[in-house]
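Student: Fold the following, please.
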Amino acid sequence: MILVGIALSLFGVGFLCWLLFALAVYATPFFVGVTAALVAFNYGAGMVGSLIVGLAVSAITLVACQAAFAVAKSPAVRGAIALVFGAPAAVAGFHATFGLAQIGGSLEVWRDLFAVIGAVIVGCTAFVRLTRTTGPTSYERSVAFISAQPPSPPLASSTTGD
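Tutor: Modelled structure (predicted):
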């Protein structure tokens with residue numbers, strides 16, 4: 001029975017880590033959506049209205065940031081957009097890793113060290129997932145598609161009389 005408990009605990013921790021890495025790129029849209037939902041709720045939108053506002057703002061934030069990252073050619077602008085996505089993910093990774101380290105009962109120094117390492121890993125994961133979903137070739141493909149000329153007519157073929 002103890003082995004089943006240990007196996008399920010490891011599975012649960014592994015699932016939570018996978019979930020953290022899978023959702024790291026959505027930390028910024030989630031934060032912006034929750035903030036918009038709270039503002040809408042404070043202005044009297046009600047529970048359903050604030051939920052709709054939060055979901056809409058989250059979706060708009062995600063799409064706008066990914067589109068801006070795809071269109072930006074400057075490495076400085078791309079880095080700033082990636083930092084906007086990576087910083088909240090790093091904070092979430094810090095707190096998640098810190099909580100997992102507290103469960104393990106490690107010393108205070110090791111908890112902090114694990115939390116910092118987790119923050120760096122989760123922040124880098126969010127950055128990589130953002131760059132993978134909207135790579136630099138997406139801008140080049142969209143420009144090539146927009147500026148594509150219709151195919152030119154074939155040159156007049158010469159007939160040999162066969």
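
Student: which stretches of the chain form strands?
Tutor: In the chain, no segments count as strands under DSSP state E.

Student: Give me the below-cutoff pLDDT ranges for it.
Tutor: 133-162 (pLDDT under 70).

Student: For this protein, which segments count as helices?
Tutor: Under the criterion DSSP state H, helices of the chain are mapped to 2-23, 27-42, 46-71, 75-104, 108-133, 136-146.

Student: Let's have those in CSV, adding mean neighbour count.
Tutor: From N, CA and C alone the C-beta is placed, and that goes for glycine too. Below are the helices of the chain laid out as CSV (neighbours: other Cβ atoms under 10 Å):
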stretch, mean neighbour count
helix 2-23, 11
helix 27-42, 18
helix 46-71, 16
helix 75-104, 18
helix 108-133, 17
helix 136-146, 11
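
Student: Find the centremost residue of this structure, please.
Tutor: The geometric centre of the chain, computed from its C-alpha atoms, lies nearest to residue 25 (Cα atoms, centre = their mean), at 1.8 Å.

Student: and the gap between that one and residue 93?
Tutor: To residue 93, residue 25 is 12 Å away according to Cβ to Cβ, to the nearest Å.

Student: now residue 117
Tutor: The value you get for residue 117 to residue 93, if Cβ to Cβ is used, is 9 Å.

Student: and what of residue 79?
Tutor: Counting by Cβ to Cβ, the separation of residue 79 from residue 93 is 19 Å.

Student: for residue 27, same thing?
Tutor: With distances defined as Cβ to Cβ, the gap from residue 27 to residue 93 amounts to 9 Å.

Student: so how far is residue 117 from the residue nearest to the centre of the chain?
Tutor: With the distance defined as Cβ to Cβ, residue 25 ends up 19 Å from residue 117.

Student: Surely residue 78 touches residue 66?
Tutor: No. At 11.6 Å, residue 78 does not count as touching residue 66 under the criterion of Cβ atoms under 8 Å.

Student: Now list whatever residues contact both of those two.
Tutor: The contact sets of residue 78 and residue 66 do not overlap (Cβ atoms under 8 Å, 6 or more residues apart in numbering).

Student: from what I can see residue 126 touches residue 83, true?
Tutor: No. With contact defined as Cβ under 8 Å, residue 126 and residue 83 do not form a contacting pair (10.2 Å).

Student: Return the residues in contact with residue 61.
Tutor: Residues near residue 61 by Cβ under 8 Å, 6+ apart: 28, 29, 32, 33.
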